[in-house]
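*Asks:* test case, fold it:
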Amino acid sequence: MQRSTIVRAAGGGALALGLVAAGALVYNGAGEPADVSAETVSGSEAQLPDELLEAMKRDLGLSEAEAAELVTAEAEARSTDSELRSSLGEGYGGSWFDIESGTLTVAVTDDSAAKEVKAAGAQAEVVEYGEDDLQKLVADLNSEGAELSDGIAGWYPDVQQDTVVITALEGEEAAAKEFAAAAGVPADAYTVETTSEKPRLYADIVGGDPYSTGGGRCSIGFATTEGFATAGHCGPEGTQVSSQDGSGTGTVTGSEFPGADMAVVQADDNWTPTPAVNDYEGGTVTVAGSEEAPEGSSICRSGSTTGWHCGTIEAKNQSVSYPEGTVNGLTQTDVCAEPGDSGGSWLSGDQAQGVTSGGSGNCSSGGTTFFQPINPILETYGATLLTG
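*Replies:* Below you'll find the model as predicted:
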């Protein structure tokens with residue numbers, strides 16, 4: 001798993017010198033916009049709702065100007081990453097974004113792809129496996145998952161380290177190695193990490209939330225033209241749901257859990273979809289699209305139990321072993337969540353990223369939370385994200 005650096009980003013400076021978009025990235029919240037602007041090297045400005053700014057400042061340790069600059073840089077990085085993924089084809093090996101330096105790094109599987117990455121203003125690293133090969137190894141582990149030991153918490157491709165990571169409970173490292181061997185994963189293609197507890201789902205049966213399933217409560221993810229997307233573990237197909245006050249009603253028309261953790265709800269006429277995410281301060285954040293953010297990007301979550309919390313994307317295509325069954329294809333973050341936040345919205349900038357699945361820890365001591373990416377939900381059920 002040797003790797004070599006081909007291109008180093010030129011220039012210093014925090015948060016994005018060379019990655020800042022030429023135009024302004026504007027967030028439309030309720031009421032007056034936040035009086036925040038950060039002058040970047042390209043002369044652009046970024047405006048954020050007060051509530052999102054406060055969450056980023058609190059959870060990421062940023063000033064208002066740094067938060068604004070970061071969001072602008074990440075918007076450009078998302079666009080660059082999407083273009084390179086398409087143009088490089090088999091030469092594309094994955095990507096990640098570094099918040100402190102503001103640089104996008106793209107892994108490549110051959111030297112010839114490095115020039116194109118450099119021309120796009122990103123950093124390139126040559127890797128042995130790359131995203132596609134790592135995903136195949138994860139698929140092999142997924143196939144073996146039916147025989148999973150209780151000591152295995154999950155597994156995912158780590159594109160930054162060019163390896164597959166298998167997470168085991170403390171003292172269960174041998175079980176992880178046996179799992180990898182049974183799946184045919186080479187010994188030099190994976191590493192074992194340990195954790196003190198297995199993830200759990202964040203559905204809550206306490207009741208009283210923006211949407212209720214009758215026997216439990218979850219959070220709405222993102223509005224679609226017909227209703228909304230949410231987590232599959234919140235209810236199977238046919239489940240009747242309602243808004244917190246009961247004035248809005250709907251039916252789960254598609255749901256998958258375990259395997260995935262996705263669902264869509266068909267809203268009745270008394271429940272009107274809007275392209276907005278509740279900020280729990282009396283306003284909303286408008287959703288502009290669902291462009292996928294690179295690994296390492298900042299991300300914020302909205303949930304009915306704990307409100308806004310922010311952090312970073314740590315890994316993608318994570319397989320998580322819940323007591324109820326294994327879920328594949330989740331994204332791992334260092335953001336906290338608690339029961340009742342399940343199904344809630346994840347945003348990078350104004351781009352929808354996914355809906356809360358589960359995790360470990362809480363918002364008092366911190367934790368790890370996984371989300372189901374939004375685009376596979378839309379594709380699976382033929383749903384259309386509502387944007388503003």
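*Asks:* count of neighbours near Thr253?
*Replies:* 16 (other Cβ atoms under 10 Å). Quick note: C-beta positions are derived from backbone N, CA and C, even for glycine.
*Asks:* so it is in which element?
*Replies:* Here Thr253 sits within strand 249-256, counting by DSSP states H and E.
*Asks:* so in terms of bridging, what pairs with Gly311?
*Replies:* Counting by DSSP bridges, Gly311 forms beta bridges with Ile299.
*Asks:* report the separation between it and Leu60.
*Replies:* In this view, Gly311 and Leu60 are 7 Å apart by Cβ to Cβ, to the nearest Å.
*Asks:* of the two, who's got more company?
*Replies:* Neighbour count, other Cβ under 10 Å: between Gly311 and Leu60, Gly311 has more, with 21 against 17.
*Asks:* which ones are touching the more buried one?
*Replies:* 59-60, 298-299, 333-336 (Cβ atoms under 8 Å, 6 or more residues apart in numbering).
*Asks:* overlap of the contact sets of Gly311 and Leu60?
*Replies:* Contacts common to Gly311 and Leu60, judged by Cβ under 8 Å, 6+ apart, are Ser298.
*Asks:* hang on, the earlier thing: strands - which of the contacts of Gly311 land there?
*Replies:* 298-299, 333 (DSSP state E).
*Asks:* what is the nearest of those residues to Glu170?
*Replies:* Closest approach between the ones in strands among the contacts of Gly311 and Glu170, by Cβ to Cβ: Thr333, at 21.9 Å.
*Asks:* so what's the closest one up against?
*Replies:* 299, 301, 311-314, 346, 368-371 are the contacts of Thr333 under Cβ under 8 Å, 6+ apart.
*Asks:* got it, and Ala337?
*Replies:* Ala337 neighbours (Cβ under 8 Å, 6+ apart): 202, 301, 303, 305-306, 309, 344, 356, 359, 362-363, 367, 369.
*Asks:* how about a cut-off of 6 Å?
*Replies:* 202, 303, 356, 359, 369 (Cβ atoms under 6 Å, 6 or more residues apart in numbering).
*Asks:* over to it: give its phi and psi.
*Replies:* phi -160, psi 170 (degrees, to the nearest 10).
*Asks:* just the closest of the ones in strands among the contacts of Gly311 to Gly121, please.
*Replies:* Closest to Gly121, out of all of those and judged by Cβ to Cβ, is Ser298, at 19.4 Å.
*Asks:* how many neighbours does the closest one have?
*Replies:* Ser298: 25 neighbours (other Cβ under 10 Å).
*Asks:* before we move on, the earlier item: now render the contacts of Thr333 as TSV, adding distance to Trp271, secondary structure and pLDDT.
*Replies:* TSV is the format used below for these (distance: Cβ to Cβ, whole Å; DSSP: H, G, I helix; E, B strand; the rest coil; pLDDT from 0 to 100):
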residue	distance to Trp271	secondary structure	pLDDT
Ile299	27	strand	96
Arg301	23	strand	94
Gly311	31	strand	97
Thr312	34	strand	98
Ile313	31	strand	98
Glu314	34	strand	98
Trp346	22	strand	97
Thr368	33	strand	96
Thr369	27	strand	98
Phe370	28	strand	98
Phe371	23	strand	98
